[in-house]
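Undergrad: pasting the sequence and the predicted model now:
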Amino acid sequence: MAERLTGRAAIAAATSAFTELFPPERETGPAEGPLGWEGYAASRARAAERTGEQESVVYGLAEAEGRACVLLAFEFGFLGGSLGQRTGDRLEAAYRAARERRLPLVSLIATGGSRMQEGMVALTQLQRVARQSALLRAAGLPQIAVLRDPTTGGGWATLGAGADVVLALPGAQVGFAGSRVRPADADPAAYAAEGQLAAGAVDAVVPVAELRGVLGRWLGLLSGGVPGGPVAPADVPAALGGAGLPGTGWEAVEQARAASRPRAAAYLDAYFTHRLPISGDRCGGVDAGMLCGFGSRDGRTVAYAAQTGTATRPAGYRTAARLLRLADRLGVPVLTLVDTPGAANDAAAERAGQGAAVAECFGAVAGVGVPVTTLVIGEGGSGGALALASPGRTWLTPSSYFSVIAPELAAAILKRGEGEVRGTADQLGLRPQDLVRLGLARDVISPTPPVP
C-alpha cells in the first residue's frame, strides 16, 4: 500500500524550508462555479475545513539540501487534488515565479484529474499548464516532478509526464486513467510507479526518507549549466585497463571484445564525483544497455550517454536523444561512451522502430548547440555506434575499434571463408591508430598509469 502524504507532509519531506506565495485573487464568480453545479460551493467549503487549504494546490519558494527552487504541492484531500480554474491560477503563478526568479520548478503531484464541477473550464487548465511549461523550457529552466499517490488524469499528462526528470514515491498509483475509469480487467501493475519505471515513463522510484537528498542532488546538477551561453566541452576520460595498441585488426577486435575490459559503469564511476540516472524513452521502452544521466565532474555538471557493450535497442537511442536535447536546453556539455557491437537487429527492434530511433540519435548529436565529447571504449559496430559519436570530437582507447561492419559479416558478404576473417579485419582499417591516421578520431587515449 502506497504512503499517501498530505500536501504539507510532502513539502516537509521534500524540503528544509518553504515560504508560501499567494497569487492575486480571481474575482469572485458564481458560488456554484461556471456551470452552476448544485452543491459545489458547499463541497469546496467542506474541503477547506477538512484540509485547512483554500485550493488543491499551494506553491512557494523552497530549499532542498541548500538548493533553491519554486515548489508546488497538490493536496489530494481537497476535492481529490483536482484542477479547477483557481488551481490553474496558482499553477500559472508558480511557473511565472520560477521564470522571474530563474529557479527550477519542482512539482509534488497528487491529483485525480480535472474538476468535473467546472466542466470544460477545468479541462482547459491543462492548456494553461502546457503553455507555462513551454515557457519555462524556453527559458532554459528545469522541471522536476515527484509523483505521489495518486497521480492520474491531466495532472499526470502535463505536470508529471511533461517534466524533465520524473521521480515517483514507492507504490504510487500513476497513470492517465484513474482507478474508477480504467478497464475492469486492466493489469494494476501498469498503473503503479514501478510499472511506469519499467515502461520508461519514470526516471526513478525514491523512498520518502530519501526524497529531500535526491531532490537536492538533482537541483544541483540541473542548475549547473549555462543556458544559451558558451559551454566548455567535457574532459576526455582517461583510458582504463592496461591494454596497449593492437598490432593487427583482429587483435583490435579481440581486445575490444575481451570480457575483462573495463565497461561504461567503471568509466562513469572514475569520471564523476556523483551522478544520477535518467531512465526510459517516454515511449514505453527501457534499454539497460544505455546508461544516461547527469553527473558532477570537478564541480560542474556533465551529461552522459554510455553504451554498455550490448546491441543497442530503440529505447536506448531514444533515451540518449532525450538526454542530449535536455542537456542542450540547460547548457550542459555531453560525454558519450561508445561500446556496442551494433544496433539491435531482431524483429522486436524493427517493430519498435529501430531505424527511426537511430535516426533520432544521429539528429540529436548533430543538432545540439552544446559540445559533445566521445570516447570509444570498446566495440564500435557500424552505424549503431556512430549514432552516438561526435564528429570532430571523438577519441579512442587502445582496447577499442570502429568499423563500417563487423569483420565476420564483412567476410560473409564478400563470400570469404572463416579462415579469411582475420585478414578482412586488417583490410577494414578498424584499429584505433588507423582511425586517427584517417582523420576519423583525434587521438588514442593512454591508459591511466598505475598508482604506486
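TA: Nice, thanks for sending it over. Residues are numbered from 1 along each chain as shown.
Undergrad: nearest residue to the middle of the chain?
TA: Ranked by distance to the mean C-alpha position of the chain (C-alpha atoms, centre = their mean), the top residue is I278 at 3.7 Å.
Undergrad: quick one: that residue and G195, what's the gap?
TA: Distance, I278 to G195, using C-beta to C-beta, to the nearest Å: 18 Å. C-beta: built from backbone N, CA, C; applies to glycine.
Undergrad: pLDDT weak spots in this protein?
TA: Residue ranges of the chain with pLDDT under 70: 1, 26-28, 448-452.
Undergrad: switch to 50 and redo it
TA: 449-452 (pLDDT under 50).
Undergrad: mind listing the strands for the stretch 101-250 of the chain?
TA: Using DSSP state E, counting those that start in this stretch, the strands found in the stretch 101-250 of the chain span residues 105-111, 143-152, 165-168, 174-175, 204-205.
Undergrad: show me what the last one is packed against.
TA: Other elements packing on strand 204-205 under the criterion 3 or more C-beta pairs under 8 Å, 6 or more residues apart in numbering; DSSP states H and E are strand 165-168, helix 193-198.
Undergrad: turn these into a markdown table, including mean neighbour count and distance to G216.
TA: Formatted as a markdown table, the helices and strands packed on strand 204-205 follow (neighbours: other C-beta atoms under 10 Å; distance: least, C-beta to C-beta, whole Å):
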| stretch | mean neighbour count | distance to G216 |
| --- | --- | --- |
| strand 165-168 | 27 | 12 |
| helix 193-198 | 20 | 21 |
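Undergrad: between the ones you listed, which one is closest to A412.
TA: With C-beta to C-beta as the measure, helix 193-198 is the member of the helices and strands packed on strand 204-205 nearest A412 (36.8 Å).
Undergrad: helices or strands up against that closest one?
TA: Applying 3+ C-beta pairs under 8 Å, 6+ apart, one finds that helix 193-198 contacts strand 165-168, strand 174-175, strand 204-205.
Undergrad: can you redo those as JSON lines with distance to A256?
TA: Listed next are the helices and strands packed on helix 193-198 as JSON lines, based on distance: least, C-beta to C-beta, whole Å:
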{"stretch": "strand 165-168", "distance to A256": "33"}
{"stretch": "strand 174-175", "distance to A256": "41"}
{"stretch": "strand 204-205", "distance to A256": "31"}
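Undergrad: closest to A94 out of those?
TA: Smallest distance to A94 across the helices and strands packed on helix 193-198 (C-beta to C-beta): 17.2 Å, for strand 165-168.
Undergrad: contacts for the closest one?
TA: Contacts to strand 165-168, defined as C-beta atoms under 8 Å, 6 or more residues apart in numbering, come from residues 142-147, 151, 160, 174, 193, 196-197, 201-206, 211, 214-215, 218, 222, 278.
Undergrad: which residue ranges of the stretch 101-250 of the chain form helices?
TA: Here the stretch 101-250 of the chain has its helices, by DSSP state H, counting those that start in this stretch, at 119-123, 125-138, 153-155, 193-198, 211-222, 249-257.
Undergrad: no, scratch that, I was asking about the stretch 301-450 of the chain
TA: So, for the stretch 301-450 of the chain - with DSSP H, counting those that start in this stretch - the helices run 314-330, 347-351, 354-367, 382-386, 407-413, 421-427, 432-437.
Undergrad: just say which of those helices is most tucked in.
TA: Compared across those, helix 314-330 shows the largest average neighbour count, a mean of 26 (mean count of other C-beta atoms under 10 Å).
Undergrad: quick one: list the elements packing against that one.
TA: Counting contacts by 3+ C-beta pairs under 8 Å, 6+ apart, helix 314-330 packs against strand 274-278, strand 290-297, strand 300-307, strand 334-340, helix 354-367.
Undergrad: can you add distance to G392 and give those back as a markdown table?
TA: Compiled in a markdown table, the helices and strands packed on helix 314-330 are given as follows (distance: least, C-beta to C-beta, whole Å):
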| stretch | distance to G392 |
| --- | --- |
| strand 274-278 | 26 |
| strand 290-297 | 21 |
| strand 300-307 | 18 |
| strand 334-340 | 13 |
| helix 354-367 | 11 |
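Undergrad: what's the closest of these to E379?
TA: Of all the helices and strands packed on helix 314-330, strand 334-340 sits nearest to E379, with 5.9 Å by C-beta to C-beta.
Undergrad: now the closest one against helix 314-330, angle please.
TA: Orientation of strand 334-340 against helix 314-330 (axes from the mean of the first three to the mean of the last three C-alpha atoms, to 10 degrees) gives an angle of 160 degrees.
Undergrad: the residue lying closest to S223 once chain neighbours are set aside: neighbour count?
TA: In this structure, S223 finds its nearest non-sequential neighbour in P104, 6.1 Å apart by C-beta to C-beta, 6 or more residues apart in numbering. Using other C-beta atoms under 10 Å, P104 has 26 other residues around it.
Undergrad: for A320, see how far away P104 is.
TA: Taking C-beta to C-beta, one finds P104 at 23 Å from A320.
Undergrad: over to E3?
TA: 34 Å.
Undergrad: so C69: helix, strand or coil?
TA: strand (DSSP: H, G, I helix; E, B strand; the rest coil).
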